[in-house]
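**Student:** sequence first, predicted coordinates after that:
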Amino acid sequence: MKEIVILNPNRVVFGEGSMQRFVSDFIEKGFKRMFLVTIAELRSTLTPFLEELKSQGIAIVTDESIVSEPTFDDFNTILGKAIAFNADSVVGIGGGSVLDVAKLVAAQLKNSQTLDEIKGIGNLKERKTYVACIPTTSGTGSEVSPNAIFVNNQGEKVGIISPFLVPDAAYIDPVLTVSLPRNITAATGIDALTHCLEAYTNKFAHPFVDLYALEGVRIIAKYLKRACDDGTDLEARSQVALGSMYGGMCLGPVNTAAVHALSYPLGVEYHIPHGLSNALLLPSVMEYNIEANASKYERIAEVLGAEKKNSSRETALEGVKIMKQLIDDCGLPTGLGQAGVKEESIAKLAEEAIKVQRLLKNNIREIAVSDAVAIYKSAF
Ligand SMILES: [Fe+2]
């Protein structure tokens, strides 16, 4: 069996009430200057916890400026604030973008490398500052992954991937996700499911990671509609949060593939949120990939609840149907046209997607520009 390296946070706390555990752990650690990256919408939820930290003599500076996918310029502004505060620790509480910024602030606080030097895989040399991540969406899995995704000054999505970006601690409290609106619950949930699915069907898949990947697909598919229909359904929220964490654990050792590569240009060209971009493309990429390895997709179909058909291929295609239904049931648009994409931009989208070789190299089936065009067309 080929070698695999698994790097998870030193401390992963999962379950209802883990936000309170974070507060006690943080006090015990003895840090005195916390730089907190979060969003304004969480202010009232976080106030009692922050008050408790402050009562213990901890100074907190909060940044709430991230409202969409962060650019390098956004990042530099926030980093400047953390440096001016002389932070001794960084905490991210929010969605994937917030957590990505928090992780990178912690890394860059005392690092002389520039963003251009650290972009890509494995170029960041160190992180000296403690960072804890607390997700409030169930999607990116950034709280346990080595990834941080930004938009550079040319408008391209850039990944910074490094073992130093795996946080020191992750606290996943499903209670924090109950107020998440239906459309964000749906889109981020499908993103998480895609992390798991693309890890299981990956060219570099590994049995160690398959465990998380298949179970992640199963539980998210089973509970996401419930979490969308009733945001206060804590059992459904917990299961989706668990699946999302599993997805995050797949990102480091195996990572994603063509769905993510093809979804990036939709974010850049049309500002379609990351999870929704994936949802729009997932069934079409599944269909395309089945031809390369039907038995893998048959297994996916089985955990999605498909009945066995006469051949692996037929069962696998049943899985695609179930996936389309799930996306529809969660209230997401099911075609690129519905999401505002213009057909005449397909050539440009395909050209941009092909540049994402960092992920396309993981795809189980080769994708040329003409294949990308065909996938976008089938997703229309
Ligand atoms: Fe993703």
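**Tutor:** Everything's here; your move. In this text, all values refer to a predicted model and were calculated from it rather than measured experimentally.
**Student:** which stretch of helix or strand covers the residue most central in space within the chain?
**Tutor:** With distances taken as C-alpha atoms, centre = their mean, T140 lies nearest the centre of the chain, 1.6 Å away. Under the criterion DSSP states H and E, no helix or strand holds T140.
**Student:** can you tell me the closest non-neighbouring residue to it?
**Tutor:** When the adjacent residues along the chain are set aside, T140 lies closest to G96, with 2.9 Å between them (C-beta to C-beta, 6 or more residues apart in numbering). In short, each C-beta sits where N, CA and C put it, glycine included.
**Student:** phi, psi for that neighbour please.
**Tutor:** phi -60, psi -40 (degrees, to the nearest 10).
**Student:** so where's the stretch 201-350 of the chain shaky on pLDDT?
**Tutor:** Along the stretch 201-350 of the chain, no part satisfies pLDDT under 70.
**Student:** check contacts around the residue lying closest to F26 once chain neighbours are set aside.
**Tutor:** The shortest distance from F26 to any non-neighbouring residue, by C-beta to C-beta, 6+ apart, is to L53 (6.5 Å). If you count contacts by C-beta atoms under 8 Å, 6 or more residues apart in numbering, L53 has them with 23, 26-27, 34, 60.
**Student:** pretty sure I272 contacts A339?
**Tutor:** Yes: taking contacts as C-beta atoms under 8 Å, I272 lies within contact range of A339: 5.7 Å.
**Student:** please identify which of those two sits among more neighbours.
**Tutor:** Neighbour tally, I272 and A339, criterion other C-beta atoms under 10 Å: the higher count belongs to I272, 22 against 19.
**Student:** got the contact list for the more buried one?
**Tutor:** Applying C-beta under 8 Å, 6+ apart to I272 gives the contacts 266, 280, 339-341.
**Student:** buried subset of those, written for PyMOL?
**Tutor:** A single PyMOL command selects the buried members of the contacts of I272 (16 or more other C-beta atoms under 10 Å):
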select buried, resi 266+280+339+341
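**Student:** how about a markdown table for the contacts of I272, with distance to I190 added?
**Tutor:** Output for the contacts of I272, formatted as a markdown table (distance: C-beta to C-beta, whole Å):
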| residue | distance to I190 |
| --- | --- |
| L266 | 14 |
| L280 | 9 |
| A339 | 13 |
| G340 | 18 |
| V341 | 17 |
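**Student:** A227: which of the contacts of I272 is nearest?
**Tutor:** L280 (19.9 Å; C-beta to C-beta).
**Student:** distance check, that closest one against D88.
**Tutor:** Between L280 and D88 the computed distance is 42 Å (C-beta to C-beta, to the nearest Å).
**Student:** again with V5
**Tutor:** 29 Å.
**Student:** also T140?
**Tutor:** T140 is 26 Å from D88, by C-beta to C-beta.
**Student:** would you map the helices across the stretch 1-150 of the chain?
**Tutor:** 18-29, 43-55, 72-85, 96-108, 115-118 (DSSP state H, counting those that start in this stretch).
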